[in-house]
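Colleague: below are the sequence and a predicted model; questions follow.
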Amino acid sequence: SEAYREMWRALDMDLEKHDVFLGALPGAFSEVFLQQKNRPARMAYFDNALAEAHGGRIKEILEQKKAGRPVAGTFCVFVPEELIFAVEGISIGLCGGAQFTIPTGEQVLPRNLCPLIKSLMGFKLDRICPYFQAVDFLIGETTCDGKKKTWEILNEYVPTYVMELPQKKTAADLTLWEGEINRLKGEIERRSGQAISAEKLAAGIKKANARRAALARLYRARQADPAPISGKDALLISQLAFFDDPERFTAQVNSLCDELEERIARGEGVARKGAPRILVTGTPMALPYWKLHHLVETAGAVIVGEETCTGTRYFAGQVAEDGLTVEEQVKNLARRLTAINCACFTPNKERVEDILRLAREAKADGVIYFSLQFCQPFSVEGRLVEKALQEAGLPILRLESDYSEEDAAQLKTRIDAFLEMI
Ligand code: BJ8
């Protein structure tokens with residue numbers, strides 16, 4: 001609409017480029033999502049949330065921003081959104097999942113870098129992401145080298161605050177992380193002009209916990225056979241969690257779960273009972289990356305879980321709500337470090353345990369280990385996971401890809417062969 005164009009113009013967006021970008025989305029969305037059979041009716045909310053991602057949601061954020069609420073962009077599930085929520089701030093997960101912005105990203109970054117990083121950089125430089133245009137500041141973190149060094153470049157365009165995330169999980173690392181959370185707390189207090197009291201932080205923790213609990217409930221529903229919801233739809237929901245209003249989103253996920261639980265009771269699902277069940281593990285899949293899920297599910301299998309940061313790692317580690325003082329609350333926030341098993345950590349053997357547990361819970365017939373091209377942590381760790389799964393007798397297929405469609409036929413052949421074998 002003209003009102004949206006006006007809003008985008010005011011955000012200094014490149015309207016022409018943005019038109020081209022948005023123009024391709026409805027077709028892709030219809031092919032990947034709307035043509036699925038037997039979708040849960042309450043997916044309608046999420047379909048609409050995606051359709052309004054650059055429209056209605058941005059309008060809402062800008063109104064809240066005008067009312068004085070700070071807007072922060074984040075790139076990693078370790079960044080404690082609870083602190084942003086504590087000052088009634090808006091937290092947006094900004095990772096990029098689009099091939100469209102890669103060429104621009106490559107103008108400032110090396111080509112042999114993970115597509116997630118090149119895409120997010122491209123979104124900023126191309127000025128086609130209204131979220132990137134609306135944020136007051138970004139919160140980066142020292143995870144992989146690619147991200148860590150990208151913050152220095154991004155900081156030329158948007159103020160980018162960096163948290164030092166330790167890469168081990170010893171007592172000393174927990175102390176370091178606790179200090180980093182305190183430092184971020186100071187930054188958010190300074191930016192918002194509000195002191196973060198125990199009461200405010202408790203409210204932020206509750207908000208984030210409720211969203212994590214709803215997503216965990218969604219994942220439990222997927223353990224049923226037949227699966228009541230496709231992996232594609234579950235992935236879309238996870239991706240939208242990073243953009244939507246957390247309270248509304250949580251209520252909608254819970255409402256969808258009511259429907260899914262009714263389906264399970266009736267024995268109703270999206271795939272036939274006995275369809276091959278796949279657990280995906282590896283790098284995050286940022287919006288609008290749906291390629292792997294689409295290939296696997298059009299081949300007749302159903303994805304029943306993702307051990308990724310757009311999956312279980314996002315909602316891992318509930319934060320204790322009973323901290324009495326801010327110091328205790330910060331300690332509790334810091335403890336979440338031990339619950340999320342990202343390949344940026346060493347050693348990271350708990351991730352293998354997570355994968356085995358999740359595969360068992362979801363009754364997976366096989367695991368697809370998915371790594372974005374040039375992601376060193378997840379690619380290198382693949383060998384350890386592969387060995388452990390082979391020892392456990394769980395079939396595993398390792399795939400590496402980027403955001404382009406060039407390798408789709410090749411991936412499909414390998415996925416078909418894997419499904420035939422399991
Ligand atoms: S907790 S997975 S969100 S760092 S950007 S590591 S794909 S080369 S994203 Fe992550 Fe936090 Fe860990 Fe999760 Fe590889 Fe790309 Fe790096 Fe990536």
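Modeller: That came through fine.
Colleague: up against the ligand, what does the protein have?
Modeller: Counting by C-beta under 6 Å from any ligand atom, the chain comes close to the ligand at 76-78, 114, 116-117, 143-144, 146-147, 283-284, 309, 313, 340, 342, 344, 372, 375, 377-378. Quick note: C-beta positions are derived from backbone N, CA and C, even for glycine.
Colleague: out of these, list just those in strands.
Modeller: residue 372 (DSSP state E).
Colleague: just the residues of the chain next to the ligand: which are in helices?
Modeller: The subset of those located in helices under the criterion DSSP state H comprises 116, 117, 146, 147, 313, 377, 378.
Colleague: most neighbours of all the residues you listed, which one?
Modeller: Of those, residue 116 is surrounded by the most neighbours, 27 neighbours in total, counting by other C-beta atoms under 10 Å.
Colleague: which residues touch that residue?
Modeller: Contacts here follow C-beta atoms under 8 Å, 6 or more residues apart in numbering; on that basis residue 116 touches 95, 96, 97, 283, 284, 286, 372, 375.
Colleague: pLDDT-wise, what's the bottom of the residues you listed?
Modeller: For the contacts of residue 116, the weakest pLDDT value sits at residue 95, with 89.
Colleague: now do the same contact list for the closest residue to that one other than its chain neighbours.
Modeller: Sequence neighbours aside, residue 286 is the residue nearest to residue 95 in space, at 3.8 Å (criterion: C-beta to C-beta, 6 or more residues apart in numbering). Residue 286 makes contact with 95, 96, 97, 116, 119, 120, 239, 310, according to C-beta under 8 Å, 6+ apart.
Colleague: how does it look with 10 Å?
Modeller: Applying C-beta atoms under 10 Å, 6 or more residues apart in numbering, we find residue 286 in contact with 75, 93-98, 115-116, 119-120, 239, 242, 309-310, 372, 403.
Colleague: give the buried residues for the strand or helix carrying residue 19.
Modeller: In the assignment (DSSP states H and E), residue 19 maps to helix 15-29. Of the residues in helix 15-29, those buried by neighbour count under the rule 16 or more other C-beta atoms under 10 Å are 18, 21, 25, 29.
Colleague: just the pLDDT at the residue most central in space within the chain, thanks.
Modeller: Relative to the mean C-alpha position of the chain, the nearest C-alpha, by C-alpha atoms, centre = their mean, is the one of residue 310, at 3.1 Å. Residue 310 is assigned a predicted lDDT (pLDDT) of 98.
Colleague: from residue 285, how far off is it?
Modeller: 5 Å (C-beta to C-beta, to the nearest Å).
Colleague: report the set of residues contacting both of the two.
Modeller: 95, 97, 235, 238, 239.
Colleague: sort out for me which of those are in helices.
Modeller: Among the shared contacts of residue 310 and residue 285, the members found in helices (DSSP H) are 235, 238, 239.
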